[in-house]
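J.: pasted the sequence and its predicted model underneath.
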Amino acid sequence: MIRKMLETMVLHERSITVLAASCALGGYVAFSPYLGMHTLMVVLFSWLFSLNFFVMLAASTIINNPWTMLPVYSSGYFIGELILGRWCGIDTMACNPSWVSSINTLVSTHIGLQGVAFWSFMLGGNLLGLLVAAMLYPTMKIVFKRVIK
């Protein structure tokens, strides 16, 4: 059933470039740190760039869903912390906006984490999203060339 639905979505769009770009931007959206804005980003990107909405939404949801949220967001956070904290030597907790302190209090109370750095989360999520998109585009272009003949 899922295979038939995916074939219908893919075969509706005949342009391999559009399909690959839709998957790539869907991958970026999945890793982007803008919580709660993913569907809006898919709608906006598909309209702005004339991409396949359903393929982009499928790619985004396959990568980032309730079962994969923790690894997706934590990998982006740790990449941002590595770049800002270790490589650049920036105290990321000191750079937090004032409203993040209430989130950190909530997180430390309920989860036990001792603080989240906002800019590490934002930088890492965006960079990881761009990296995933850059890897997905050529890969999916090859896949779609084989599927659509």
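T.: The structure has been received and is ready for your questions. Numbering: from 1, shown residues only.
J.: where is the longest helix in the protein?
T.: Identified as the longest helix of the chain according to DSSP state H is helix 118-147.
J.: that one packs against which elements?
T.: Helices and strands touching helix 118-147, by 3 or more C-beta pairs under 8 Å, 6 or more residues apart in numbering; DSSP states H and E, are helix 16-31, helix 69-81. Quick note: C-beta positions are derived from backbone N, CA and C, even for glycine.
J.: switch the cut-off to 10 Å
T.: With contacts defined as 3 or more C-beta pairs under 10 Å, 6 or more residues apart in numbering; DSSP states H and E, helix 118-147 has these neighbours: helix 2-12, helix 16-31, helix 53-63, helix 69-81, helix 100-110.
J.: pull the CA coordinates from the third one and hand them back as PDB.
T.: Coordinates of each C-alpha in helix 53-63 appear next as PDB, following Å, rounded to 0.1, in the frame of the first residue of the first chain:
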ATOM      1  CA  PHE A  53       4.600  19.200  -2.100                       C
ATOM      2  CA  PHE A  54       3.800  15.500  -1.400                       C
ATOM      3  CA  VAL A  55       7.400  14.300  -2.000                       C
ATOM      4  CA  MET A  56       8.800  17.000   0.100                       C
ATOM      5  CA  LEU A  57       6.400  16.300   2.900                       C
ATOM      6  CA  ALA A  58       7.100  12.600   2.700                       C
ATOM      7  CA  ALA A  59      10.800  13.100   2.800                       C
ATOM      8  CA  SER A  60      10.500  15.400   5.800                       C
ATOM      9  CA  THR A  61       8.200  13.100   7.700                       C
ATOM     10  CA  ILE A  62      10.200   9.900   7.000                       C
ATOM     11  CA  ILE A  63      13.300  11.500   8.400                       C
END
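J.: ok, back up a step: can you say which of the helices and strands packed on helix 118-147 is nearest to Met135?
T.: helix 16-31 (8.0 Å; C-beta to C-beta).
J.: next, the angle from the closest one to helix 69-81.
T.: 90 degrees (axes from the mean of the first three to the mean of the last three C-alpha atoms, to 10 degrees).
J.: pLDDT at Met1, what is it?
T.: pLDDT recorded at Met1 is 68.
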